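K.L.:
test case, fold it:
(chains A and B, ligands or ions: 1)
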Amino acid sequence: MSDLRDKCAIVGVGKTKQGKMPGVSSLMLSVEAFKRAIDDAGLKKGDIDGLLTMPGTSSPEASLNYLRVGEALGIDPKFTGSMTMGGGTAGALVQMAVMAIEAGHATTVACVFGDAAKTGGSRFNRASGWGDSWGIWGMYGAAANSAIAASRHMALYGTTSRQLGEVAVACRRHASMNPDAVMRDPITIEDHQNSRWIVEPFHLLDCCLISDGGVCIIVTSKERAKDMAKPVVTISGMGQAYTTRNMEREDWWYVPHQKEALGRAFKMAGMAPKDIDVAQLYDNFTMSVLLWLEHAGFCGVGEAGSFVEGGRIQLGGELPVNTAGGNLSESYMEGWLHIVEGVRQMRGECDARQVKGAEVCLVTGRGMTLNCSNAMILRAA
Amino acid sequence: MSYNKPLPELDDVNRPFWEAAHQGRLCLQKCSDCDHVRYPVSHVCPNCLSYDSEWTEVSGKGEVYSYIVFHQKYNAAFEGDLPYNVALIQLDEGPRMISNVTGVANDAVKVGDRVQVTFDRVTDEISIPRFTPAEG
Ligand SMILES: [Zn+2]
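P.N.:
Below is the predicted model:
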């Protein structure tokens, strides 16, 4: 797959207002994000010949979302479909767009997501476990799986809740510099420690938001990208990896497939962790950032807790992470906004939170408890 | 008072597991072709795809692989139990399962603790396997 290096680019990104918007549907949010993305790219609707979508948790048509969104947009695409991998969807769809474009099935693909999750009352409280549901034992909600990971990481490596708090504090500080973020009031480690328990070892401030919003990302070939409105942001590397096994895989809790996804992305790009200037790491919970840092090789196994101390992942630090505030503080768009922020950092559009001179950004996504993961390396120009 | 929490939905695949549990035995499927002991219950071996297996009783001994404590109400049926723990149990015979550690305070549970299965009779038909602290 290394021949996909630098073949495609992200040329348009669009995001709606984020937060709580009563009366707005997931469809309305998808459409508005699409309009903003084509405007951003300087494209017309007719230039889009591929449409890939992720249904919102509040989208009644579920996996037929591509038909619903396509009809609303009046598009008859050459290539389309919907995918439901939770927080692993955004990256998987952008990567699928690259594959479709390079295989000649489309020229310019819009990847679209909209969800009125906050207004629609989505609680992300499903019990996992096919067959005998884990709900029999009271195990519910997305937090539980990541909490299982955090609890064992703490026991094996001495990782502390205060270290998890460093991630929450960094994301909130970055969100305070992002006028579009939902949660902008700075927090301290003490605020994190004093926030109520959700599922030990997670406090409230270890957990992402639930938000209404829409995001659209437009992908085309590098050649076409040169003629578009905004600076070119090249997809230099990409990789995916999954585990469908939960109980059957001993190291499931550690999300080991993330390391494979990252390895594939680094290999395709011909890069290593030292080449990364800024990272947007999927943060459904604070613990997830620690696991990404270890799997990417920014630090060793069990070392991420101390790695994130001392402001290392804050702006001005060695590796700024989630510079727009992430799922924890910007908005919970299931990782879609991580790609948007990666693009905008590479364009140099981020004003107060711009990482000066940044030329390479790592973006990761993960979804469906601990099952789906992907990584992309974006490059300026 | 009737039990109002989620119960297993019995079918031809999982019925032997729950019938054994109701008799106080933890039984898992052992593949007749590759000897893989599997959990969760499945009609097919995830190792070799064989349909042939036999139910074998395991010791019910294991250790706490990880555990968490619920404070947030996700399902109203568990509200009266808050805070309660959920543990990932590593069985000595290989498989892991989601369960609870009972008979001990939540803050006394630790990763690596030795545990032994116990069966919590919740209805006339169903006993749910949980675990209690054990010596060795
Ligand atoms: Zn087998």
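K.L.:
all helices for chain B, in order.
P.N.:
Taking DSSP state H, the helices of chain B run over residues B:15-22.
K.L.:
repeat for chain A
P.N.:
With DSSP H as the criterion, chain A has helices at A:26-41, A:65-73, A:89-102, A:117-120, A:142-157, A:161-176, A:189-194, A:222-225, A:257-269, A:286-296, A:304-307, A:326-329, A:336-347.
K.L.:
for chain B, find the nearest of those helices.
P.N.:
Distances from chain B to each of the helices of chain A were compared using CB to the nearest CB; the shortest belongs to helix A:142-157, at 3.5 Å. C-beta coordinates here come from the backbone N, C-alpha and C atoms, glycine included.
K.L.:
relative to helix A:161-176, how tilted is the closest one?
P.N.:
Computed by axes from the mean of the first three to the mean of the last three CA atoms, to 10 degrees, the angle separating helix A:142-157 from helix A:161-176 equals 130 degrees.
K.L.:
which secondary structure elements does helix A:142-157 sit against?
P.N.:
strand A:197-200, strand A:202-203, helix A:286-296, strand B:61-70, strand B:84-91 (3 or more CB pairs under 8 Å, 6 or more residues apart in numbering or on different chains; DSSP states H and E).
K.L.:
list of residues touching the shortest one?
P.N.:
Meaning strand A:202-203. Contacts of strand A:202-203 with the rest of the structure, by CB atoms under 8 Å, 6 or more residues apart in numbering or on different chains, involve A:143, A:146-147, A:150, A:161, A:164-165, A:192-193, A:195-197, A:285-287.
K.L.:
at 6 Å instead, please
P.N.:
Under the criterion CB atoms under 6 Å, 6 or more residues apart in numbering or on different chains, residues A:143, A:147, A:195 lie in contact with strand A:202-203.
K.L.:
relative to A:Arg347, how far out is A:Ala230?
P.N.:
Quick fix: residue A:230 is Lys, not Ala. 6 Å (CB to CB, to the nearest Å).
K.L.:
again, but for B:Ala21
P.N.:
The separation that B:Ala21 has from A:Arg347, given CB to CB, amounts to 59 Å.
K.L.:
neighbour count winner among those two?
P.N.:
B:Ala21 (20 against 17; other CB atoms under 10 Å in any protein chain shown).
K.L.:
surely that one and B:Pro129 touch.
P.N.:
Yes. Applying CB atoms under 6 Å, one finds B:Ala21 in contact with B:Pro129, separated by 5.4 Å.
K.L.:
show me whatever sits in contact with both of those two.
P.N.:
Looking at what touches both B:Ala21 and B:Pro129 (by CB under 6 Å, 6+ apart), the common residues are B:Phe119.
K.L.:
what is the burial count for the residue lying closest to A:Gly311 once chain neighbours are set aside?
P.N.:
Spatial nearest neighbour of A:Gly311, excluding adjacent residues (CB to CB, 6 or more residues apart in numbering or on different chains): A:Gly317 at 4.8 Å. A:Gly317 has 13 neighbours, counted by other CB under 10 Å.
K.L.:
bridging residues for A:Gly14?
P.N.:
Legend: beta-bridge partners of A:Gly14 under DSSP bridges are A:Cys216.
K.L.:
the ion versus that one, what's the distance?
P.N.:
From A:Gly14 across to the ion, the span is 49 Å (CB to the ion, to the nearest Å).
K.L.:
residue contacts, that residue?
P.N.:
Contacts here follow CB under 6 Å, 6+ apart; on that basis A:Gly14 touches A:33, A:36-37, A:40, A:216.
K.L.:
contacts for stretch A:213-225?
P.N.:
Contacts to stretch A:213-225, defined as CB under 6 Å, 6+ apart, come from residues A:7-16, A:18, A:29-30, A:32-34, A:37, A:41, A:94, A:97, A:101, A:108-114, A:232, A:331, A:333, A:336, A:339.
K.L.:
chain center to that stretch: distance?
P.N.:
Taking CA atoms, centre = their mean, to the nearest Å, one finds stretch A:213-225 lying 16 Å from the centre of the chain it belongs to.
K.L.:
dump that stretch to PDB, keeping only the CA atoms.
P.N.:
Backbone C-alpha positions of stretch A:213-225 (Å, rounded to 0.1, in the frame of the first residue of the first chain) are rendered in PDB as follows:
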ATOM      1  CA  GLY A 213     -22.700  19.000  15.200                       C
ATOM      2  CA  GLY A 214     -21.700  18.200  11.700                       C
ATOM      3  CA  VAL A 215     -18.400  17.800   9.900                       C
ATOM      4  CA  CYS A 216     -17.500  17.300   6.200                       C
ATOM      5  CA  ILE A 217     -14.000  16.500   4.800                       C
ATOM      6  CA  ILE A 218     -13.300  16.500   1.000                       C
ATOM      7  CA  VAL A 219     -10.600  14.400  -0.500                       C
ATOM      8  CA  THR A 220      -9.200  14.500  -4.000                       C
ATOM      9  CA  SER A 221      -6.000  13.700  -5.900                       C
ATOM     10  CA  LYS A 222      -2.900  15.600  -5.200                       C
ATOM     11  CA  GLU A 223      -2.900  16.800  -8.800                       C
ATOM     12  CA  ARG A 224      -6.400  18.300  -8.600                       C
ATOM     13  CA  ALA A 225      -5.700  19.700  -5.100                       C
END
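K.L.:
what about that stretch, average pLDDT?
P.N.:
Across stretch A:213-225, the average pLDDT comes to 98.
K.L.:
could you say which of the helices and strands packed on helix A:142-157 is packed most deeply?
P.N.:
Among the helices and strands packed on helix A:142-157, ranked by average contacts under mean count of other CB atoms under 10 Å in any protein chain shown, first place goes to helix A:286-296 (a mean of 27).
K.L.:
what about the nearest residue to A:Asp275 once chain neighbours are set aside, how many residues nearby?
P.N.:
Nearest in space to A:Asp275, with sequence neighbours left out and distances taken as CB to CB, 6+ apart, is A:Val360 at 5.4 Å. A:Val360 is surrounded by 21 other residues when neighbours are defined as other CB under 10 Å.
K.L.:
now swap in the one 4 residues further on and tell me
P.N.:
For A:Thr364, the neighbour count with other CB under 10 Å is 31.
K.L.:
show me the beta-bridge partners of it.
P.N.:
According to DSSP bridges, the partner residues bridging A:Thr364 are A:Ala375.
K.L.:
and whichever residue of the stretch 101-250 of chain A sits closest to the ion, how far from A:Met28?
P.N.:
Among the residues of the stretch 101-250 of chain A, A:Glu248 lies closest to the ion, at 11.8 Å counting by CB to the ion. Counting by CB to CB, the gap between A:Glu248 and A:Met28 amounts to 41 Å.
K.L.:
which one is the spatially most distant residue from the centre of chain B nearest to, not counting chain neighbours?
P.N.:
If you look at how far each residue of chain B sits from its centre, by CA atoms, centre = their mean, the farthest one is B:Asp33, at 24.6 Å. Here the nearest residue to B:Asp33 in space, its sequence neighbours aside, is B:Ser50; by CB to CB, 6+ apart that works out to 3.9 Å.
K.L.:
got a pLDDT number for the one you found?
P.N.:
With respect to pLDDT, B:Ser50 scores 98.
K.L.:
tell me, how many residues neighbour it?
P.N.:
Other residues near B:Ser50 come to 13 when the count uses other CB under 10 Å.
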